[in-house]
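# My questions concern the predicted model and sequence given below.
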Amino acid sequence: MNGSDVREVAAGGGAADADAAVMAWGRFWQLVELLGGESGTATCQGLEEGCARLTEALVREPVGQVIGFGERLAEALYRIDREEFGSLPAHSAELPGEPALPQSDDGFLYARAAVVAAGREVYEGVFGAPERFAPFASRHCEELLHVHEEAYEQLTGAEWEHLTRYDYESCANREGWPGLHG
């Protein structure tokens, strides 16, 4: 998938919408904006506050929209699960000056979540430009992975057990990791 394909899908067009997604891409990115963008998610406190705002907003949505948010998040994470991003080294914020290390599978997932949390423009901007992903290789936004689950539980009183269409675990995107799945 090239950058224009990603922009089309992220904007709400393309084949992904033919699958009757519950939440429109535009609405997904509106909700993501509640996180505060790249600067709002740069610190742990900012990320926690943003995720709390997002969870509160999702609780005000119908259950189908909460599920739809989870679906869109999984798809966005899946689409940036690509070797050119996962092979970038991570620099430690705690140990400046130390050599960079390879990203772990979990670290790469949380870095991808950081790119999504930074917003639509940042997300679209990394495709075809791995150097734009590089600063996120050391950022972890694990909390974003759970906001829809928490909202769902608050709305329904039941645990989230929905399996999303897209597997967002690291290295699951067959097109993004052709050497692993060839």
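Received the coordinates, thanks.

# Tell me, please, where in the protein the pLDDT is lower than the cut-off.
1-21, 92-96, 181-182 (pLDDT under 70).

# Going along the chain, name the strands of it.
With DSSP state E as the criterion, the chain has strands at 89-90, 101-102.

# Minimum distance to H140: which of those strands has it?
strand 89-90 (9.6 Å; CB to CB). For every residue, glycine as well, the C-beta is placed using N, CA and C.

# most neighbours per residue, which of the strands of the chain?
Of these, the one with the most neighbours on average (mean count of other CB atoms under 10 Å) is strand 89-90, at a mean of 16.

# Give the partner strands of that one in its sheet and their orientations.
Using DSSP bridges, strand 89-90 pairs in its sheet with strand 101-102 (antiparallel).

# before we move on, back to that, reformat the strands of the chain as CSV; add distance to F108.
Formatted as CSV, the strands of the chain follow (distance: least, CB to CB, whole Å):
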stretch, distance to F108
strand 89-90, 9
strand 101-102, 9
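
# so which of these gets nearest E56?
With CB to CB, the closest approach to E56 among the strands of the chain belongs to strand 89-90: 31.2 Å.

# okay, now S104: neighbour count?
By other CB atoms under 10 Å, 12 other residues sit near S104.

# With F136 instead?
By the measure other CB under 10 Å, the count of residues near F136 is 27.

# can you tell which of the strands of the chain is closest to A151?
Nearest to A151 among those is strand 89-90; the distance by CB to CB comes to 29.7 Å.

# What segments of this structure are helices?
Along the chain, the segments classed as helices by DSSP state H run 3-11, 25-32, 37-40, 44-59, 63-79, 83-86, 105-117, 120-126, 130-133, 147-156, 178-181.

# okay, those in TSV with distance to T164 and mean neighbour count next?
As requested, these are exported to TSV (distance: least, CB to CB, whole Å; neighbours: other CB atoms under 10 Å):
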stretch	distance to T164	mean neighbour count
helix 3-11	15	16
helix 25-32	13	19
helix 37-40	24	16
helix 44-59	15	17
helix 63-79	4	21
helix 83-86	20	19
helix 105-117	14	23
helix 120-126	18	18
helix 130-133	22	16
helix 147-156	10	20
helix 178-181	19	10
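
# Please name whichever of these is nearest to C171.
helix 178-181 (5.8 Å).

# Which strands or helices does that closest one pack on?
Here helix 178-181 touches helix 83-86, going by 3 or more CB pairs under 8 Å, 6 or more residues apart in numbering; DSSP states H and E.
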